[in-house]
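1. model this:
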Amino acid sequence: MRKITDLKYHALAGATFWLLASATPVVANDLLAGDDFSFDSSVMEVSEAHWSDGFKTSLAHSHTQIPAQPSREQSSLRIEYEGNIAGGWYLKLDTRYRYFWEKDDLAERRGGAYGHNKWQRAWVQYSRSSCTATAGRQTLIWGTVEGTFVTDIVTPFDYTEQLLTDYGNVRLAQDMLVGECFFSGSQLQAFYTPEARTDIFQHHRLKLELAPGFPPVDLSVDAEEEWGLRYKWLGKGYDVSVMLAQLYDNVLTPLIRFDSASSIALAGLTPAIGLNQVLVASTGSSAFTPKFSIEPELAQFDLAGIASSLAVGRLLLKFETAYRSEQLIAFSDEVSERFDAALGFEYTTSTNHLLNAGIWGTHFKNDTVESQDTQVFTLGWRKTFLNDNLIMSLLGNWASSPRFSSATILADYRWSDYWSSSLALSIADLGELGANNPIAPAEESATVSIQYEF
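-> Below is the predicted model:
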């Protein structure tokens with residue numbers, strides 16, 4: 001009797017399993033046929049990339065207010081493009097048209113409102129294997145310690161731009177050919193510039209008015225070719241670079257000689273420096289017009305430098321030193337060799353506060369121009385808040401000769417994918433720089449800007 005019962009049980013279990021197995025596809029088909037589970041099983045269409053996808057356009061307006069009057073009032077249109085144009089070929093374009101309103105300090109120096117277009121990047125790059133060649137308008141940054149000019153002088157600062165807290169935004173791009181190759185643990189880079197750009201303070205040619213009623217004298221000089229080589233060793237947590245270059249000073253140095261055999265050399269001339277005051281000081285009267293020749297000159301020099309960085313956990317240590325030959329000395333007829341050195345660091349805290357600082361010193365070998373030796377200290381801070389929509393940053397600078405110090409705090413906030421705005425507050429002790437200097441035009445200022453990107 002028990003065997004018959006067991007046979008019935010096994011037969012019932014087998015029949016039940018067979019019914020469930022045969023019914024499962026039906027149930028699955030019924031569920032998938034419902035509205036909540038319907039889908040199109042056809043192949044999904046993927047849109048192909050279009051050449052116009054690489055464009056980005058930005059509209060911006062900025063206003064800098066100092067006590068009594070604005071010092072900066074600019075509007076700009078910026079167009080950027082980047083993308084592959086063929087196998088191994090890459091194109092990058094970045095141009096910006098700025099309009100300087102009548103009250104802008106650069107417009108006041110020029111004599112009225114004006115517009116200026118600046119190509120920051122316009123280059124084409126070809127890559128093959130581990131080497132690249134890039135030709136056109138571009139920037140090339142050497143060195144390691146941010147905010148110092150020990151070896152980072154290939155692409156100079158552009159002081160027609162407003163330096164707030166980001167050194168990368170104030171570069172005067174050069175027309176050059178750059179080639180580099182990457183090897184196992186090293187990198188070789190070379191550049192060549194047919195005609196260097198050195199006019200870092202204004203958008204027009206520098207002129208000197210000798211006396212009222214006399215036609216202005218053009219002091220602008222066009223620099224010739226520059227070239228350089230850099231070899232970098234890359235190790236685990238460190239790198240070392242060796243650099244050799246032939247460059248021009250990025251500041252115009254006109255030499256004024258008097259018939260009486262006395263002479264003065266004026267270096268670092270900008271529209272902010274009163275040249276007539278220099279002539280008054282040297283002749284005793286602005287109406288005195290002795291016969292003298294004006295010989296605008298740009299100093300060409302050789303550069304040899306070493307730079308290194310070392311990572312120790314969250315700390316990045318940086319060092320660089322350089323030698324420059326045949327430096328023309330400001331406000332003298334002396335020529336001297338020059339030595340530069342800088343030491344800096346970057347540190348990222350566990351809460352993503354980025355801190356950086358650097359100290360930079362210069363020394364001229366000529367003992368008669370010891371007063372030209374300079375020490376510069378820089379300090380920076382950066383942190384993001386509110387899901388990275390708010391970026392706060394701080395930049396401080398101090399220089400010994402000429403004596404000068406400044407600090408700027410900047411808040412950038414992105415309201416949407418298209419709109420962003422920023423507010424910067426700056427204070428400065430101009431010291432020996434004097435007012436209306438292009439580096440720091442005021443002791444107190446506030447800058448507000450708004451930008452729309454599409």
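2. hey, where'd the strands end up in the stretch 51-200 of the chain?
-> Chain-ordered strands for the stretch 51-200 of the chain, with DSSP state E, counting those that start in this stretch as the definition, fall at 55-66, 69-86, 89-100, 114-128, 131-138, 174-183, 186-193.
3. tell me the mean pLDDT for the second one?
-> Read it as strand 69-86. The pLDDT scores in strand 69-86 average 91.
4. how about the third one?
-> Mean pLDDT, computed over strand 89-100, is 97.
5. about what we covered before: nearest to residue 315, of the strands of the stretch 51-200 of the chain?
-> Proximity of the strands of the stretch 51-200 of the chain to residue 315 was assessed by CB to CB; the nearest stretch is strand 186-193, lying at 23.5 Å. To be clear about C-beta, it is placed using only N, CA and C from the backbone, and glycine gets the same treatment.
6. in its sheet, what does that closest one sit against?
-> Paired strands of strand 186-193, with direction, are strand 174-183 (antiparallel), strand 226-235 (antiparallel) (DSSP bridges).
7. buried set for that strand?
-> Within strand 186-193, the residues scored as buried using 16 or more other CB atoms under 10 Å are 187, 189-191, 193.
8. residue contacts, residue 115?
-> Taking CB atoms under 8 Å, 6 or more residues apart in numbering, we find residue 115 in contact with 97-100.
9. in the protein, what helix or strand scores lowest on average pLDDT?
-> helix 275-283 (a mean of 38; mean pLDDT, DSSP states H and E).
10. what segments of this protein are helices?
-> Ranges of helices in the chain, per DSSP state H, are 2-33, 105-110, 275-283.
11. can you flag the weakest of those by average pLDDT?
-> helix 275-283 (a mean of 38).
12. which of the buried residues of strand 186-193 sit farthest apart?
-> Pairwise over the buried residues of strand 186-193, using CB to CB, the maximum falls at 187 and 193, 20.0 Å.
13. between the strands paired with strand 186-193, which one is closest to residue 358.
-> Of all these, strand 226-235 comes closest under CB to CB, at 19.8 Å.
14. which of the contacts of residue 115 count as buried?
-> Neighbour-count burial (16+ other CB under 10 Å) applied to the contacts of residue 115 gives 98-100.
15. any chance of those residues in a markdown table with distance to residue 432 as columns?
-> Below are the buried ones among the contacts of residue 115 laid out as a markdown table (distance: CB to CB, whole Å):
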| residue | distance to residue 432 |
| --- | --- |
| 98 | 30 |
| 99 | 33 |
| 100 | 27 |
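16. relative to residue 312, which of those is nearest.
-> residue 98 (42.2 Å).
17. shouldn't that closest one be in contact with residue 74?
-> Yes: the pair residue 98 and residue 74 qualifies as a contact (CB atoms under 8 Å) at a distance of 5.4 Å.
18. let me know which of the strands paired with strand 186-193 is the nearest to residue 325.
-> strand 226-235 (14.2 Å).
19. report the distance from the closest one to the chain centre.
-> How far strand 226-235 lies from its chain's middle: 20 Å, per CA atoms, centre = their mean, to the nearest Å.
20. which residues touch the closest residue to residue 139 other than its chain neighbours?
-> Distances taken as CB to CB, 6 or more residues apart in numbering place residue 155 nearest to residue 139, at 4.4 Å, with adjacent residues excluded. By CB under 8 Å, 6+ apart, the residues touching residue 155 are 139-141, 171-174.
21. of these, buried ones?
-> Buried among these (16+ other CB under 10 Å): 139-140, 171-174.
22. of all those residues, which two lie farthest apart?
-> The widest separation within the buried ones among the contacts of residue 155 (CB to CB) is 11.5 Å, between 140 and 172.
23. okay, the spatially most central residue of the chain: pLDDT?
-> Closest residue to the average C-alpha location of the chain: residue 168 at 1.9 Å, with CA atoms, centre = their mean. Looking at residue 168, its pLDDT is 81.
24. repeat for the one 5 residues further on
-> With respect to pLDDT, residue 173 scores 94.
25. next, give phi and psi for it.
-> phi -60, psi 150 (degrees, to the nearest 10).
26. ok, it to residue 429 distance?
-> Separation of residue 173 from residue 429 (CB to CB, to the nearest Å): 32 Å.
27. now find how far off-centre stretch 301-316 is within its chain.
-> 18 Å.
28. can you tell me what sits against it?
-> Contacts for stretch 301-316 (CB under 8 Å, 6+ apart): 142-144, 150-151, 153, 228, 237-249, 317-327, 345-350.
29. give me the buried subset of these.
-> 142-144, 150-151, 153, 228, 239-241, 243, 245, 247-249, 317-322, 324, 327, 345-346.
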